[in-house]
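Visitor: Sequence plus the predicted model coming up.
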Amino acid sequence: MDYRKKDIRNALLFISPWIIGFLVFTLYPILSSLYYSFCEYKVIKAPVFIGLRNYINLFGDKSYLAALGNTVYMLIFGVPVTTVTAVAVSILLNNKHLHHAGIFKVVFFIPTLVPTIVACFLWIWMFQSGGIVNTVLGYFGISGPAWLSSITYAKPAFIFYMIWTIGNAVIIYLAGLQDIDPNLYEAAEIDGAGFIRQTMSITIPLLRSTILYNMVTLIIGVFQWFAEPLIITEGGPGNATLFYSLYLYQNAFRFFKMGYACAMGWVLLVISLAIILVLFKVFKFGEAEN
């Protein structure tokens, strides 16, 4: 028994730096933010408990509703479009008949290596009124809009940004495709199944867990969008690109409404958890893949 107690004591001593770090830098901030969400907290003054007023005020705040609506827009349109594009690109790159596939993989992965601020300035240059995107459209007789200064086209420009940075997802999808038994495709081909039928009946079902993982990370990324809208549009025009994290940051560090920002953070946690649980149910997470 003495040896057992000694082993437990030594184990606790070895992991104590992690335990202390977790308690001080993770658990304490989480619990503090929960408490502050029920307070009026201006940072420079002591927090004053106000109950649920911050949560109630959220749904009467037009800017908050705009930020929530913009984020939901990206979840409804941006995430599915980006996911379908990434899966399609991965399937094409995994085709054994594609020559120089390695070069194409590098091309799709390079944008993920570009620093965020550089990518944002590149996007501003490409999507401004006289930018390269509108120049290319002009060759086809199409008069391109002022993407980033248009309430209608600003969010689609950010969807294109999401698609442009699919490199990491493509690598993960390619890894998932390598785990699919080639014999399944050979058997399907013998039975007369074409490329589309093989994709829908074999590839997509067996890639289910990988798609779920990438969709969850993409959704979390959308909820955390901050630097991109801040640099490219600063949330404009007319709050068209005011996304959730950007507005949370503004409340916390520009308006010094820290309690209000904490309430936003906890609402975001609940929304994120609900969406991810729905995805787990839709993709039948934990069930065996047929």
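Guide: Happy to help now that I have it. Numbering: from 1, shown residues only.

Visitor: and residue 57, what is it in contact with?
Guide: By Cβ atoms under 8 Å, 6 or more residues apart in numbering, the contact set of residue 57 is residue 260. (Glycine included, C-beta is placed from N, CA and C.)

Visitor: Check the secondary structure at it for me.
Guide: Recorded secondary structure, residue 57: helix (DSSP: H, G, I helix; E, B strand; the rest coil).

Visitor: CA atoms only for stretch 266-280, dumped as CSV, please.
Guide: Taking Å, rounded to 0.1, in the frame of the first residue of the first chain, the C-alpha atoms of stretch 266-280 are listed here in CSV:
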residue,chain,number,x,y,z
TRP,A,266,-21.5,31.4,-24.1
VAL,A,267,-24.3,31.7,-26.6
LEU,A,268,-21.8,30.8,-29.3
LEU,A,269,-20.7,27.7,-27.3
VAL,A,270,-24.3,26.5,-27.0
ILE,A,271,-25.0,27.1,-30.8
SER,A,272,-21.8,25.4,-31.8
LEU,A,273,-22.5,22.4,-29.6
ALA,A,274,-26.1,22.1,-31.0
ILE,A,275,-24.9,22.2,-34.6
ILE,A,276,-22.1,19.7,-34.0
LEU,A,277,-24.5,17.3,-32.2
VAL,A,278,-26.9,17.5,-35.2
LEU,A,279,-24.0,16.7,-37.5
PHE,A,280,-23.0,13.7,-35.4
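
Visitor: Give me the buried positions along it.
Guide: Neighbour counts over stretch 266-280 (16 or more other Cβ atoms under 10 Å) mark 266, 267, 268, 271, 272, 275, 276 as buried.

Visitor: so which helix or strand takes in the first one?
Guide: Residue 266 belongs to helix 258-282 when assigned by DSSP states H and E.

Visitor: elements contacting that helix?
Guide: In terms of contacts (3 or more Cβ pairs under 8 Å, 6 or more residues apart in numbering; DSSP states H and E), helix 258-282 is packed against helix 28-36, helix 53-58, helix 208-223, helix 244-249.

Visitor: now these in JSON lines, with mean pLDDT and distance to residue 111?
Guide: Output for those, formatted as JSON lines (pLDDT from 0 to 100; distance: least, Cβ to Cβ, whole Å):
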{"stretch": "helix 28-36", "mean pLDDT": "95", "distance to residue 111": "33"}
{"stretch": "helix 53-58", "mean pLDDT": "96", "distance to residue 111": "35"}
{"stretch": "helix 208-223", "mean pLDDT": "93", "distance to residue 111": "14"}
{"stretch": "helix 244-249", "mean pLDDT": "96", "distance to residue 111": "21"}
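
Visitor: And the protein, split by domain according to the record?
Guide: The record's domain split for the chain, according to automatic domain parsing, is 2-36, 60-282.

Visitor: The shortest one: which residues count as buried?
Guide: It refers to domain 2-36. Within domain 2-36, the residues scored as buried using 16+ other Cβ under 10 Å are 33, 36.

Visitor: hang on, the earlier thing: could you say which of the domains of the chain is packed most deeply?
Guide: Comparing those by mean neighbour count (mean count of other Cβ atoms under 10 Å), domain 60-282 comes out on top with a mean of 16.

Visitor: distance between that one and the chain's centre?
Guide: Relative to its parent chain, domain 60-282 has a centroid offset of 7 Å by Cα atoms, centre = their mean, to the nearest Å.

Visitor: Endpoints of that domain, how far apart?
Guide: Using Cα to Cα, to the nearest Å, the end-to-end distance of domain 60-282 comes out at 32 Å.

Visitor: Stretch 192-210 too?
Guide: Distance between the boundary residues of stretch 192-210 (Cα to Cα) amounts to 27 Å.

Visitor: Can you list the neighbours in contact with that stretch?
Guide: For stretch 192-210, using Cβ under 8 Å, 6+ apart, the contacting residues are 87, 91, 172-173, 175-177, 179-180, 184-185, 188-189, 211, 283-285, 289-290.

Visitor: again, 7 Å this time
Guide: Residues outside stretch 192-210 that contact it (Cβ atoms under 7 Å, 6 or more residues apart in numbering) are 91, 172, 173, 176, 177, 180, 184, 185, 188, 283, 289, 290.

Visitor: which residue sits closest to the fourth one, ignoring its sequence neighbours?
Guide: Think residue 176. The shortest distance from residue 176 to any non-neighbouring residue, by Cβ to Cβ, 6 or more residues apart in numbering, is to residue 210 (3.5 Å).
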